[in-house]
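J.: Let me see the structure of the following:
(chains A and B)
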Protein chains: 2
Amino acid sequence: MRFTSEQRLDDGVVEREFTLGEIPGILWTPSFASAPVPLILLGHPPLGLRKMYPRLVARARQAAAHGFAAATIELPGSGDRPRLAGAEQAGADLRRALEAGEPVSDEIIDALVLPLVDKAVPEWQAALDVLLSLPEIGGPVGYSGGVISIGIRLAVVEPRIVAAGLFAGSFVPRTMFEEARQVTIPLHVLLQWDDEGNDRQAALDLFDAFGSKEKTLHANMGGHTGVPQFAGEDAAGFFARHLR
Amino acid sequence: MRFTSEQRLDDGVVEREFTLGEIPGILWTPSFASAPVPLILLGHPPLGLRKMYPRLVARARQAAAHGFAAATIELPGSGDRPRLAGAEQAGADLRRALEAGEPVSDEIIDALVLPLVDKAVPEWQAALDVLLSLPEIGGPVGYSGGVISIGIRLAVVEPRIVAAGLFAGSFVPRTMFEEARQVTIPLHVLLQWDDEGNDRQAALDLFDAFGSKEKTLHANMGGHTGVPQFAGEDAAGFFARHLR
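T.: Okay, the predicted model is just below:
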């Protein structure tokens, strides 16, 4: 891991950009921490870190206000990283189906999501190795938001993640429902009730499938990007309960 | 309204029992209030105030911690109040259906719930008249919990109630779905995902039916009485947002 920039934000949060091999990332740490702090991994949709920065830094500030560090890395195929094989074809197929008002087939969803999950998850685990080796970060670790299938896979395969806040707002391959049954960590699931790009019943079925004993669904009105401010505060309360 | 007892609880909350005509009730006010405070009406299932007291006083203390008064009255047909005509028959029909593992018919639900709603709602409104005339209570007013059909009717007919926290955990007559569409105040709806006495899909349909622009569903694991502690805190946050 190589730090490439460092700045102190107005609220004292230290923001450091880094690269991990060829993967760019950002680490935010609270200003006032004297002991090693818990960490929240900030997931995001595959739109590129630069585009997602405003929302990511807002979530990082909220984490820092609770005394937590936050970190994120670029997803494979996003930003300046090389495209994923087959992703452009799958994206074109998806757009065509949506524009034609046709149901999105399992084949399209699998082609769109599974290669991304397969490549991204080991990268987030490698980032976790390095982040937890920093003296200022102690754990425990939470995972928050982004592509829900990445969150599900991480929750299954990565024992250092003790709690996850997931956003039921993207296409989910059928096979991920099986993985969801293997999740046992506490979950906080956000659902936008009128999400134009999300099948509500599928989201409720996925919530039902999770194997976790403690799982909470927070459904709010509005579309995909209309998550109300207070929903973020409730999610912060979830991490405060599980990471402290 | 006639106060019949007054005591100061260990956290300074003042608890006063009262009667309103023949209806017993309890009012809790925070100790430190200098100006008139908002009020939360505490709904409850028709099991009698005496039996419900431990849970009611816990909710009242939580309200007081936010600087809110809380009040409740005995439901018609509960505690020492005269039985409602037809209620015992409807209750017996319900038990028979549940024990036989049969679906509970619309007729049973209507007979069980509608007379209770028709009689209770004007009583809560009368209590509100008197409570808001007390110098220590200023409003705004929230309604919380209890028989969800009473909460729905109150939210429709009582303009002084500005926000409601409802518990999707009781049988709901078909006609209440129509009333739910007329509700426009902000709602916070709790759902126990594995509630043995509650049809999950019906609860989700009811949430969908509410006409409110701001409505949030919080679903948690467990049965009817298994609402986790943090769900109560989230509900308190909802009232703090809307009553302050």
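
J.: show me the contacts for A:I108.
T.: By Cβ atoms under 8 Å, 6 or more residues apart in numbering or on different chains, the contact list for A:I108 reads A:90, A:93-94, A:97. Yep, even glycine has a C-beta here, placed from its N, CA and C like the rest.

J.: what element comes up after the one helix or strand it maps to heading to the C-terminus?
T.: Taking DSSP states H and E as the definition, A:I108 sits inside helix A:106-133. Once the chain leaves helix A:106-133, the next helix or strand it forms, by DSSP H and E, is strand A:137-145.

J.: What's opposite A:F3 in the beta bridge?
T.: Per DSSP bridges, the residues bridged to A:F3 are A:F18.

J.: Check whether it really touches A:V14, as I assumed.
T.: No - A:F3 lies out of contact with A:V14 (Cβ atoms under 8 Å); the separation is 10.6 Å.

J.: With adjacent residues omitted, what lies nearest to A:A240?
T.: Nearest residue to A:A240, sequence neighbours excluded (Cβ to Cβ, 6 or more residues apart in numbering or on different chains): A:H66, at 5.2 Å.

J.: Could you count how many residues lie near that neighbour?
T.: 17 (other Cβ atoms under 10 Å in any protein chain shown).

J.: Then A:L27?
T.: A:L27 has 25 neighbours, counted by other Cβ under 10 Å.

J.: Where does A:E179 sit: helix, strand or coil?
T.: helix (DSSP: H, G, I helix; E, B strand; the rest coil).

J.: Show the pLDDT at it.
T.: If you check A:E179, the pLDDT there is 97.

J.: what's the answer for A:S34, then?
T.: Reported pLDDT for A:S34: 80.

J.: Compute the number of surrounding residues for it.
T.: 6.

J.: Same question for A:A65.
T.: 13.

J.: Check A:A111 too.
T.: 19.

J.: if I pick the residue sitting nearest the centre point of chain A, what's in contact with it?
T.: Centroid-nearest residue in chain A: A:G43, 2.1 Å away (criterion: Cα atoms, centre = their mean). A:G43 makes contact with A:72, A:143-147, A:150-151, according to Cβ under 8 Å, 6+ apart.

J.: in the sheet, who's paired with it?
T.: Under the criterion used (DSSP bridges), A:G43 bridges to A:G145.

J.: What does the pLDDT read for it?
T.: 97.

J.: How about A:E233?
T.: 84.

J.: Neighbours of the closest residue to it other than its chain neighbours, how many?
T.: Closest residue in space to A:E233, ignoring its immediate chain neighbours: B:G237 at 7.3 Å, by Cβ to Cβ, 6+ apart. Using other Cβ under 10 Å, the number of residues around B:G237 comes to 16.

J.: do you know how far B:G237 is from B:H66?
T.: 9 Å (Cβ to Cβ, to the nearest Å).

J.: same check, this time on A:E99
T.: For A:E99 relative to B:H66 (Cβ to Cβ), the value is 49 Å.

J.: How is A:D93 classified with respect to secondary structure?
T.: Applying three-state DSSP: A:D93 is helix.

J.: can you check A:H188 too?
T.: On the basis of three-state DSSP, A:H188 is classed as strand.

J.: And the pLDDT for it?
T.: 97.

J.: which ones are touching it?
T.: A:163-166, A:215-216, A:218, A:234-235, A:238-239.

J.: could you redo the last one with a cut-off of 7 Å?
T.: Residues in contact with A:H188 (Cβ atoms under 7 Å, 6 or more residues apart in numbering or on different chains) are A:165, A:216, A:235, A:238.

J.: Go back to the residues you listed and keep what's next to chain B.
T.: Filtering the contacts of A:H188 for proximity to chain B (criterion: Cβ under 7 Å from any Cβ of the partner chain) leaves A:T216.

J.: most neighbours, which of the contacts of A:H188?
T.: A:G165 (27 neighbours).

J.: Would you state the strands of chain A in chain order?
T.: With strands called from DSSP state E, chain A shows them at A:2-8, A:14-20, A:23-29, A:37-43, A:69-73, A:137-145, A:161-167, A:187-192, A:215-220.

J.: Quick check: buried residues in the longest one?
T.: What it means is strand A:137-145. Residues of strand A:137-145 classed as buried by neighbour count (16 or more other Cβ atoms under 10 Å in any protein chain shown): A:137, A:139-145.

J.: Pick the one among these closest to A:A35.
T.: Nearest to A:A35 among these, counting by Cβ to Cβ, is A:I137 at 10.6 Å.

J.: Next one: the closest one from chain B, what distance?
T.: 26 Å (Cβ to the nearest Cβ, to the nearest Å).

J.: Which residues does that residue form beta bridges with?
T.: Under the criterion used (DSSP bridges), A:I137 bridges to A:V37.

J.: how about it, what does it touch?
T.: A:I137 neighbours (Cβ under 7 Å, 6+ apart): A:36-37, A:39, A:69, A:131.

J.: Narrow those residues to just the buried residues.
T.: A:37, A:39, A:69, A:131.

J.: Let me see the confidence value for the second one.
T.: In the predicted model, A:L39 carries a pLDDT score of 98.

J.: now it: how far from chain B?
T.: Where chain B is concerned, A:L39 sits at a distance of 22 Å (Cβ to the nearest Cβ).

J.: How about the first one?
T.: Noted for A:V37: a distance of 22 Å to chain B, by Cβ to the nearest Cβ.

J.: ok, now which ones touch that residue?
T.: Contacts of A:V37 (Cβ under 7 Å, 6+ apart): A:30, A:67-69, A:136-138.

J.: Which one of those is nearest to chain B?
T.: Chain B lies nearest to A:F68 out of the contacts of A:V37, by Cβ to the nearest Cβ, at 17.8 Å.

J.: Can you get me a residue count around the closest residue to that closest one other than its chain neighbours?
T.: Nearest-residue entry for A:F68: A:P38, 4.8 Å, with adjacent residues in sequence omitted and distances by Cβ to Cβ, 6+ apart. Using other Cβ under 10 Å, A:P38 has 24 neighbouring residues.
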